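Enquirer: Return atomic coordinates for the entry below.
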Amino acid sequence: MFRYWQKRSNLERIEEDLAGARAAILKAVQLKNSTSEKQDSFVPIGSIYRNAYAFYQSHTEMIKRFKVWTYKEGELPLVHNGPLNHIYAIEGQFIDEMERKNNPFRACHPDEAHVFFLPFSVTGVIHYVYHPITSPKDYSRDRLQRLVMDYINTVASKYPYWNRSSGADHFMVSCHDWAPQVSDANPELFKHFVRVLCNANTSEGFRPNVDVSLPEIFLPFGKLGPPNLSQGPNNRPILAFFAGSAHGYIRQVILDYWKEKDSEVQVHARLPKGVNYTKMMGQSKFCLCPSGYEVASPREVEAIYAGCVPVIISDNYTLPFSDVLNWSQFSVQIPVSKIPVIKTILQGIPNGKYLKMHKRVKRVRRHFELNRPAKPFDVIHMVLHSVWLRRLNFMLSP
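Expert: Residues are numbered from 1 along each chain as shown. As a prediction, this is how the structure comes out:
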């Protein structure tokens, strides 16, 4: 057996490894019983998961097997670097975690990798290449697209990995609004490439079966999340809360109908002086999470952190980790056309159902928490798991 294993090519070994993972996940689903080589402090159960057995076994197999090669090519500040704070922080935090020497998912050699990470930062490109912007033509995405294609051409000509899969086992991560457009100049090149994007808009080319929806997380400087000001479910006097500018037509509709007109549905373009945004979320049963100029918003994650049931108001948005999480169990989704009757809809939710949703929000929080270094089932592991699932979905021939 040892000689047989030695004779196998690197790709054959990788595919046999993935076949073993698939078999273990299928067995867990069939037997409704997941197994792990070690005792985990957390085991996913309940209706917030589409299939808790499959998810737990898949996550276990990922930790045991998954290896990622981060390409070394490229120089700072456009590559191997990204924002660690503010609205695009998850982009830089992920890049930084994957570059960490002790990251257990880090492949020692590209031949042992299941997937390949292209560590360029779209946010970095916009910051360093596009400034200053002096005319409308400076907003053209061509410079961004050329830089990304040049990077792909560099690694594709230097290594065999891109060409053998047509990019299907390669991925990028970006939270910038422009990130989906990196592929517009040459759609065929990016046909199988996995884009991990905050701006997961299906009307603008996001492909749920190929791409990955990345949660947008606003990080204050030097912090990994907001302060915990969450109140218990029976100590939330506000029915629904939103505060934000009229970025995009959906927010404009909300402000037109609800701005400072109702004490139970508290909607503000700007909070009154001395009122704490995070505290208000912590005192609200439901938090309105409308899209802005783009579909993604940090409000879904902010609501979950605050123990506030998210109310998703968006068109064509693929919610993060939807291949694992059942968002209908811990959020409310309201179409834009129903904005005038938000209060009626939320008041119509029985208190018993709300209490269950609140409990589920508290449970799902761990999947949106950022840890450095990353921990099992946290947001970085969830992003990696989404990429892992897509790698499990296909086989490469030697």
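Enquirer: Spell out the residue ranges of the strands in this structure.
Expert: Using DSSP state E, the strands of the chain run over 68-70, 115-117, 170-174, 194-197, 212-213, 238-243, 265-268, 284-290, 309-313, 332-333.
Enquirer: and stretch 327-341, how far apart are its ends?
Expert: Using Cα to Cα, to the nearest Å, one end of stretch 327-341 lies 21 Å from the other.
Enquirer: Not counting that stretch itself, show me its contacts.
Expert: Residues from elsewhere that reach stretch 327-341 (Cβ atoms under 8 Å, 6 or more residues apart in numbering): 47-48, 250, 253-254, 257-258, 286, 300, 304, 309-313, 315, 319, 342, 345-346, 349, 357, 360-361, 363-364. Any C-beta I mention is one placed from the backbone N, CA and C, and that applies to glycine too.
Enquirer: Filter those residues down to the buried ones.
Expert: Buried by 16 or more other Cβ atoms under 10 Å: 48, 250, 253-254, 257-258, 286, 300, 304, 309-313, 319, 342, 346, 357, 360-361, 363-364, out of the contacts of stretch 327-341.
Enquirer: which regions of this structure sit below the pLDDT cut-off?
Expert: Scanning the chain for pLDDT under 70 picks out 1-7.
Enquirer: List the buried residues of the longest helix along the chain.
Expert: In the chain, assigned by DSSP state H, the helix with the most residues is helix 10-31. Buried residues in helix 10-31, counted by 16+ other Cβ under 10 Å: 11, 14-15, 17-18, 21, 24-25, 28.
Enquirer: could you say what helices and strands that helix packs with?
Expert: Contacts defined by 3 or more Cβ pairs under 8 Å, 6 or more residues apart in numbering; DSSP states H and E place helix 10-31 against helix 52-65, helix 379-392.
Enquirer: Okay, angle between the first one and helix 10-31 too, please.
Expert: Just to be clear, that refers to helix 52-65. 150 degrees (axes from the mean of the first three to the mean of the last three Cα atoms, to 10 degrees).
Enquirer: Quick check: closest non-adjacent residue to residue 376.
Expert: Leaving out its chain neighbours, the residue that sits closest to residue 376 by Cβ to Cβ, 6 or more residues apart in numbering is residue 63, at 6.5 Å.
Enquirer: Kindly report the same for residue 120.
Expert: Leaving out its chain neighbours, the residue that sits closest to residue 120 by Cβ to Cβ, 6+ apart is residue 79, at 4.8 Å.
Enquirer: show me what contacts the one you found?
Expert: Counting by Cβ under 8 Å, 6+ apart, residue 79 has contacts 73, 119-121, 124, 151.
Enquirer: And the buried ones among these, selectable in ChimeraX?
Expert: A single ChimeraX command selects the buried members of those (16+ other Cβ under 10 Å):
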select :119,120,121,124,151
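Enquirer: before we move on, the earlier item: could you dump the buried residues of helix 10-31 to TSV with distance to residue 157?
Expert: Shown next, in TSV, are those (distance: Cβ to Cβ, whole Å):
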residue	distance to residue 157
11	19
14	22
15	25
17	28
18	27
21	31
24	37
25	36
28	41
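Enquirer: ok, now which ones touch the residue nearest the centre of the chain?
Expert: Central residue check for the chain by Cα atoms, centre = their mean: the C-alpha nearest the mean position is that of residue 214, 2.0 Å away. Counting by Cβ under 8 Å, 6+ apart, residue 214 touches 90, 173-175, 196-198, 200, 296, 320, 383.
Enquirer: which one of those sits closest to residue 398?
Expert: Closest approach between those and residue 398, by Cβ to Cβ: residue 196, at 27.4 Å.
Enquirer: What is the neighbour count of the closest one?
Expert: 24 (other Cβ atoms under 10 Å).
Enquirer: any idea how far it lies from residue 118?
Expert: Distance of residue 196 to residue 118, given as Cβ to Cβ, to the nearest Å: 11 Å.
Enquirer: Common neighbours of those two, please.
Expert: Both residue 196 and residue 118 are contacted by 171-172, under the criterion Cβ under 8 Å, 6+ apart.
Enquirer: starting at the chain centroid, how far to stretch 215-228?
Expert: 15 Å (Cα atoms, centre = their mean, to the nearest Å).
Enquirer: Is it correct that residue 55 is in contact with residue 44?
Expert: Yes: counting by Cβ atoms under 8 Å, residue 55 touches residue 44, with 5.5 Å between them.
Enquirer: List the contacts of the closest residue to residue 322 other than its chain neighbours.
Expert: In this structure, residue 322 finds its nearest non-sequential neighbour in residue 213, 6.7 Å apart by Cβ to Cβ, 6+ apart. Taking Cβ under 8 Å, 6+ apart, we find residue 213 in contact with 197-198, 200, 206, 318-322, 386.
Enquirer: Run through the bridge partners of residue 213.
Expert: Taking DSSP bridges as the rule, residue 213 bridges to residue 197.
Enquirer: Could you number the chain from 15 rather than 1 from now on?
Expert: Fine by me, first position is 15 from now on; the one you just mentioned is residue 227.
Enquirer: now it: how far from residue 214?
Expert: Using Cβ to Cβ, we find residue 227 at a distance of 4 Å from residue 214.
Enquirer: Pull up the overlap in contacts between the two.
Expert: Common neighbours of residue 227 and residue 214, using Cβ under 8 Å, 6+ apart, are 220, 332-334.
Enquirer: quick one: which of the residues you listed is most hemmed in?
Expert: When neighbours are counted by other Cβ under 10 Å, residue 334 leads those with 25 neighbours.
Enquirer: For that one, give its distance to residue 230.
Expert: In this view, residue 334 and residue 230 are 9 Å apart by Cβ to Cβ.
Enquirer: Now for the two: what residues contact both?
Expert: Common contacts of residue 334 and residue 230, defined by Cβ under 8 Å, 6+ apart, comprise residue 314.
Enquirer: Give me the neighbour count for the spatially closest residue to residue 120 that is not a sequence neighbour.
Expert: Excluding its sequence neighbours, the residue lying closest to residue 120 (Cβ to Cβ, 6+ apart) is residue 82, at 6.6 Å. For residue 82, the neighbour count with other Cβ under 10 Å is 19.
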